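# A predicted structure for the sequence below; I have some questions about it.
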Amino acid sequence: MSNMIVIIKKQLKDTLKNKTILIQFILFPFMTVLMENAVKIDGMPTFFFTKLFAVMYIGMAPLTATASVIAEEKEKNTLRVLTMADIRPWQYLCGIGIHIWMICMLGACVMSTTLPAEKIPFFLLIMGTGFIISVIAGASIGIFSKNQMMATSIVMPFMMILSFAPMLSLFNDRIKKFATVVYTQQLMVLFDEMTFRGFYANGITILLVNALLCVLLFAFAYRRKGLA
Amino acid sequence: MIKCKNVKKSFGAHEVLKDIGFEAARGSIFGLLGPSGAGKTTLIRILTGQIAPDGGNIRVMGMDPQALSGKDKKHFGIMMDNFGLYERFSCIDNLGMFADLYGISRERALSALREVGLTDAAKRPASDLSKGMRARLQLARAFMHEPELIFLDEPTAGLDPQTMKGIHRFILEKKKSGATIFLTTHNMEEAYRLCDRIVLLHQGTIVEAGKPEEICRRYDHQKRILIHLADGRDAVYERGGKDAEEICKLLRNEKVETIHSTEPTLESVFLELTGKNLQEDA
Ligand SMILES: Nc1ncnc2c1ncn2[C@@H]1O[C@H](COP(=O)(O)OP(=O)(O)O)[C@@H](O)[C@H]1O
Ligand SMILES: [Mg+2]
């Protein structure tokens, strides 16, 4: 069996047994469906909860899950055993990344049930892009951390900014200005319009810069610490 | 199977291994004996290509460990105390995952579990296992793919005598089926029981090497014979000379219960060589 498939399989099995990670994946999709169906207030923007929770989901689940999975394998020394069994670092990282991305996409599919059919592809496309950036950021933190504890404490501020900034900027213009440079905020803008129309160079540049920063962060962490 | 010459390794200013050289023959159990901190784990990490030596010549199965590919490493089995288990996975899932990586069947994983006596615990998560059971599971993982060469880093350290005996039996069985085993220990009885050849490692240098019995005989300075007499007394005799006559007489008169030589144990050889006890830290 291909090494990467073994990693994905293993991680799938582990996720089902790991309640702290599992709840991260389930919480937001569940809340989205619940709130969209239960709360109906006049004058509220359309699909308010879906957009809000979608952005928070991107800022939390893949980030924390990736970081904590990698940090745990380093802490418990299972990663060492894998490398001795012919798992290459890229196979491991891709396996974990793909697994977490797929689980998040599953969550995104559940969220998208609140939307009209024609908006779903766009929604999933944006979600998928956001997850990729978050997974890379999470992997960098996981690689950089010695153990899970360290990973959690590094993830926390990133997670706060990424997931709360878009929400807070709804209420506060100063925060909004600051939040503009964060990729989750740009994704929020896209969700607001639910179309690429009006999303010009500025937004795309910010997204690309964010993605590039995450890749650089990843390269830095990997060169500094490697996987062992 | 393993050949080393002039192997050196330092961590910063700390010279952990100085000029190590030895050979381990195919199909034998080779023991690296030394107190904790002697550099045993470091040497295993070098031999398995996990870290690079600072100098020296090493051949493991004819290859330089640094040049080993992942595929080559699949011919090893490794058990180290810092090789973790997947805590949330059951015993069988822990093995099953590596069975997939090694390309061997689940049945083989199950039978490995049986060999170490963990069949009843197959479905229990690793986090629930006792220390002895964890060691056996790690052992099963190291042997499951029937590697030609197995590295065991203190496989019985801190385990109860019952489990230890079981592991010894298992190791000897694997030797019988042709595997070469490189093990480290600070337990000299274990080394004596299991190993065909040992080297004594102290502060990064090899202070003695050879067959365990040979080493003990080499340090038998007294060359005496201890006789346990039928009447319950013990008597010590010189070898040869007029004591030989005496011993013959005792034997003829059926006054001898048992005869023992007085060569030292590995433990006391080590003490003599280094002034240190094996249980002490280096
Ligand atoms: N990665 C490392 N960095 C610095 N020192 C190390 C490292 N690994 C081992 N050492 C030192 O090398 C010495 C030998 O360690 P080790 O090989 O683990 O001994 P043993 O396994 O015989 O108990 C110890 O003094 C230890 O502190
Ligand atoms: Mg050690």
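Alright, I've got the coordinates. Ligands and ions are numbered 1, 2, ... in the order given.

# any idea what B:L149 is bridged to?
B:F76, B:T180 (DSSP bridges).

# ignore what I typed, I meant B:R224.
B:E238.

# now do the contacts for the residue lying closest to A:V81 once chain neighbours are set aside.
Nearest residue to A:V81, sequence neighbours excluded (Cβ to Cβ, 6 or more residues apart in numbering or on different chains): B:F83, at 4.9 Å. Heads up, the C-betas are built off the backbone N, CA and C, glycines and all. By Cβ atoms under 8 Å, 6 or more residues apart in numbering or on different chains, the contact set of B:F83 is A:77-78, A:80-81, A:84, B:138.

# quick check, nearest of the residues you listed to B:A99?
B:A99 has its nearest neighbour among the contacts of B:F83 in A:V81, at 13.4 Å by Cβ to Cβ.

# mind checking the longest helix of the chain?
Since you didn't name a chain, this refers to chain A. helix A:48-75 (DSSP state H).

# ah, no, chain B please
Criterion DSSP H: the longest helix present in chain B is helix B:161-176.

# flag every buried residue along that helix.
Using 16 or more other Cβ atoms under 10 Å in any protein chain shown as the test for burial, helix B:161-176 gives B:163-164, B:166-168, B:170-171, B:174-175.

# ramachandran angles for residue 192?
Picking chain A for this. phi -60, psi -40 (degrees, to the nearest 10).

# the residue with the largest distance to the centre of chain A and ligand 1, how far apart?
Most distant from the centre of chain A: A:D42, at 31.3 Å, with distances by Cα atoms, centre = their mean. Going from A:D42 to ligand 1 by Cβ to the nearest ligand atom, to the nearest Å gives 65 Å.

# not counting its neighbours along the chain, what's nearest the residue minimising distance to the centre of chain A?
Centroid-nearest residue in chain A: A:P62, 3.3 Å away (criterion: Cα atoms, centre = their mean). Distance criterion Cβ to Cβ, 6+ apart; nearest residue to A:P62, sequence neighbours excluded, is A:S134 at 4.0 Å.

# so which bits of the host helix or strand of the one you found are buried?
For A:S134, the host element (DSSP states H and E) is helix A:120-144. Of all the residues in helix A:120-144, those buried under the rule 16+ other Cβ under 10 Å are A:120, A:122-124, A:126-127, A:129-144.

# from the contact counts, what lies against the helix or strand that it is followed by?
Later in the chain than helix A:120-144, the nearest helix or strand by DSSP H and E is helix A:148-168. Counting contacts by 3 or more Cβ pairs under 8 Å, 6 or more residues apart in numbering or on different chains; DSSP states H and E, helix A:148-168 is packed against helix A:48-75, helix A:120-144, helix A:173-179, helix A:183-193.

# on that earlier part again, now the residue nearest to A:P62: how far from ligand 1?
Distance of A:S134 to ligand 1, computed by Cβ to the nearest ligand atom: 33 Å.

# now swap in A:A219 and tell me
24 Å.

# one step back: any chance of TSV for the helices and strands packed on helix A:148-168, columns distance to A:Q24?
Shown next, in TSV, are the helices and strands packed on helix A:148-168 (distance: least, Cβ to Cβ, whole Å):
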stretch	distance to A:Q24
helix A:48-75	5
helix A:120-144	11
helix A:173-179	22
helix A:183-193	16
